[in-house]
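S.K.: any chance you can model this:
(chains A, B, C and D)
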Protein chains: 2
Amino acid sequence: MRSTIKDVAKLANVSTATVSNVLTKKKYVSPDLAEKIRQAMNELNYKPNTIARSLKVNRSFNIGLMVPDITNPFFGEIVKYAEKVAHKENYQITLCNSDNDSKRENKLIDIFLSAGMDGIINVAPRMKQRQLNQKLNIPMIIVDRPHFQTSENIAFVYADNYISSASVAQYFVERGYRKFICFAGPIEDVPNAYKRLSGFLDKIKECGFSEEDCEVYYCDFTFDSGFETMKKLLKNYDISEHKAAFISSDITAWGAIEAVKAHHLRIPEDIAIAGYDNIYFSRFLHPGLTTVENPTKELGTMATQLLIDAINSQKRFNGNYVVVSSSLIERQST
Amino acid sequence: MRSTIKDVAKLANVSTATVSNVLTKKKYVSPDLAEKIRQAMNELNYKPNTIARSLKVNRSFNIGLMVPDITNPFFGEIVKYAEKVAHKENYQITLCNSDNDSKRENKLIDIFLSAGMDGIINVAPRMKQRQLNQKLNIPMIIVDRPHFQTSENIAFVYADNYISSASVAQYFVERGYRKFICFAGPIEDVPNAYKRLSGFLDKIKECGFSEEDCEVYYCDFTFDSGFETMKKLLKNYDISEHKAAFISSDITAWGAIEAVKAHHLRIPEDIAIAGYDNIYFSRFLHPGLTTVENPTKELGTMATQLLIDAINSQKRFNGNYVVVSSSLIERQST
DNA sequence: CTGAAAGCGCTAACAT
DNA sequence: ATGTTAGCGCTTTCAG
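M.R.: Take a look at the predicted model:
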């Protein structure tokens, strides 16, 4: 059996309170006693039971982190930075994958609540706003999704996807492209997918083009989806039109690029391609992928820091939001 | 305040025991009472406190999973499959990154133990065998590392890296290469890094070549490390020698490939490259990367299933091991 | 079929 | 400075 604080107390001939005191360091314990107790701990191979501790103090020092797809490097990077600050602040992160499924997201929130998480980081959720707005007695940060009005214990950290996508359109036009393609994400479920589409489209029109100048395709934010969608598109593609495609996530853009290569077309000569996210590997694609920086470091770091500060200070959020900045990264694919 | 089982009991006019019974479904509760109780739960927005439950039943339904580097897709894939089976079996996974640091690994084990994990999945640990062999009162699976003799509650799931690496050497020789390069990983810390090096080297010699025919470089299993190491190597590289390089992880091989391209050399004409792991993206590199399949699906699935079976059945491991098979994947880089 | 009550391991107020 | 003890929320005998 696992040894408890009682066993340690007995072996060291002290009370459990004293043992607890050397553990928590909240009260003075004479050095010799402390030493004796530490020896007893060693001898018994004692590990404090954080479950019991959590129950008592009503704090778990755990943060629930959910992402839609852990195999997408964009989310992987966010996780990495979130973990870094959590670790520094002595919090543990429980990472869960929702698999792009809003049902699963809902369930995860319940799991996190039941598990006594001190806070939640919810990255790019697909849940409906109404669901997100349920009463939570712990703070939650929503990352990479536009903010909305709320009175619940929620804060937002994101970049303005509408503006950035508009800047892609602007850039296309300035480079002389006259025909456009947009691979939109799941705009019904992912608000930022919608922002990216509308930001791009609005700017195209603002520049004097019409709806007909831009074909829109819908796909998922996965490599395979980008590959398949592009493959289909190329079946009857007219090279001479020189189109510029805005593929609204890098991992999808990569898939699309591979499809273009499989068709033996040249990028950007036959078709130009821009992505969104600027994942680490985008600079190493051939040609290098023009894209929008979606700053994972700022997103992950800021979200986690904000959350932990709220937990530690017991301050409630009320819909506050921080918008991190992002910019266009020009490479050779356009 | 969060509502408890007591609040529910009071509102429904029953005892806490009855509420607990509808929660756990271990005892019959009359349908009308059960319904009344469920209504009370809803009204109070009650979520069971798994921390209290865990304390009582001495089970957390949590599995601690640690990987050296979550941004390496090889580990990401393992995580994905592990999560899939855990979820199916109603276990939660707590994922932690050790950052390739054996100190952190040790600490994580303590954290997992303290956190009342029901079991541990330890992927490619760098810890010394002696440390791994500490007394654990919960089962642990060590993944992607060769087994060793142990009497502790440990099992192993891995592929035979020595044999696979030897097959790369054999393949190089059969293809007519006569000069070789090996990028070894951190062989002091990662047993499989050593296996890969020695498997490759031994076979080279077995084929009648000498130590001088193979230059060995040491690097980390990261993209950047592969890039830098290759860049250095190419400073005085003689194209005419037609060497074949075994870069012992795909992500590192990718980095190396980029360095080769930056030098405007051709793969495989000027230098052939093979990797190890067969991460998803390796087929999409240009040229496609010849590599060894390190089957993440089998590794992740089997490890998790084995662990959960052990937890549920209360059976102890005693050093049992399962070796999954792997094979050479030939593409255009060699 | 339902209720009363003990106790999981720990912390913190209170007592000494 | 150290000890005693109640109680966190839950499950589980044991009674009724």
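S.K.: run a quick neighbour tally on the closest residue to A:Gln39 other than its chain neighbours.
M.R.: In this structure, A:Gln39 finds its nearest non-sequential neighbour in A:Ala12, 7.5 Å apart by C-beta to C-beta, 6 or more residues apart in numbering or on different chains. From N, CA and C alone the C-beta is placed, and that goes for glycine too. By the criterion of other C-beta atoms under 10 Å in any protein chain shown, A:Ala12 has 22 neighbours.
S.K.: quick check: A:Ala12 touching A:Lys6?
M.R.: No: taking contact to mean C-beta atoms under 8 Å, the distance of 10.9 Å between A:Ala12 and A:Lys6 leaves them out of contact.
S.K.: got the contact list for the residue nearest to A:Gln39?
M.R.: A:Ala12 makes contact with A:Val19, A:Leu33, A:Lys36, A:Ile37, A:Gln39, A:Ala40 under the criterion C-beta atoms under 8 Å, 6 or more residues apart in numbering or on different chains.
S.K.: ok, and which of those residues reach DNA strand D?
M.R.: With C-beta under 7 Å from any atom of the strand as the criterion, the subset of the contacts of A:Ala12 in contact with DNA strand D comprises A:Leu33.
S.K.: ok, so of the contacts of A:Ala12, who is nearest B:Ala115?
M.R.: If you rank these by distance to B:Ala115 using C-beta to C-beta, A:Val19 comes first, at 19.5 Å.
S.K.: residues contacting the closest one?
M.R.: Residues near A:Val19 by C-beta under 8 Å, 6+ apart: A:Ile5, A:Val8, A:Ala9, A:Ala12, A:Ile37.
S.K.: could I get those residues as a markdown table with pLDDT, secondary structure and distance to B:Thr229?
M.R.: Below are those laid out as a markdown table (pLDDT from 0 to 100; DSSP: H, G, I helix; E, B strand; the rest coil; distance: C-beta to C-beta, whole Å):
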| residue | pLDDT | secondary structure | distance to B:Thr229 |
| --- | --- | --- | --- |
| A:Ile5 | 94 | helix | 50 |
| A:Val8 | 94 | helix | 50 |
| A:Ala9 | 94 | helix | 55 |
| A:Ala12 | 93 | helix | 53 |
| A:Ile37 | 94 | helix | 50 |
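S.K.: and those, which is closest to chain B?
M.R.: Among these, A:Ile5 lies closest to chain B (C-beta to the nearest C-beta), at 12.4 Å.
S.K.: can you get me a residue count around that closest one?
M.R.: The tally of other residues near A:Ile5 (other C-beta under 10 Å) stands at 20.
S.K.: helix/strand/coil for the residue of the stretch 101-250 of chain A found nearest DNA strand C?
M.R.: Residue nearest to DNA strand C within the stretch 101-250 of chain A: A:Gly116 (12.4 Å; C-beta to the nearest atom of the strand). Reducing the assignment at A:Gly116 to three states with DSSP: H, G, I helix; E, B strand; the rest coil gives coil.
S.K.: closest one of the contacts of A:Val19 to DNA strand C?
M.R.: Comparing every one of those with DNA strand C (C-beta to the nearest atom of the strand), the shortest separation belongs to A:Ile5, at 2.9 Å.
S.K.: residues touching that closest one, list them.
M.R.: With contacts taken as C-beta under 8 Å, 6+ apart, A:Ile5 has the following neighbours: A:Thr16, A:Val19, A:Ser20, A:Leu23, A:Tyr46, A:Pro48.
S.K.: relative to A:Thr24, how far out is it?
M.R.: Counting by C-beta to C-beta, to the nearest Å, the gap from A:Ile5 to A:Thr24 is 11 Å.
S.K.: same question for A:Ala166.
M.R.: Here the distance between A:Ala166 and A:Thr24 works out to 54 Å (C-beta to C-beta).
S.K.: ok, those two, which is more surrounded?
M.R.: Here A:Ala166 and A:Thr24 are set side by side on neighbour count (other C-beta under 10 Å), and the busier one is A:Ala166, at 22 against 11.
S.K.: thinking the more buried one is in contact with A:Gly199, fair?
M.R.: Yes: counting by C-beta under 8 Å, A:Ala166 touches A:Gly199, with 4.3 Å between them.
S.K.: find residues that contact each of those two.
M.R.: With the criterion set as C-beta under 8 Å, 6+ apart, the contacts of A:Ala166 and A:Gly199 do not overlap.
S.K.: OK, contacts around the closest residue to A:Asn97 other than its chain neighbours?
M.R.: Computed as C-beta to C-beta, 6+ apart, the closest residue to A:Asn97 that is not its neighbour in sequence is A:Ile70, at 4.8 Å. For A:Ile70, the contact set (C-beta under 8 Å, 6+ apart) comprises A:Gly76, A:Val79, A:Leu95, A:Asn97, B:Gly76, B:Val79, B:Lys80, B:Glu83.
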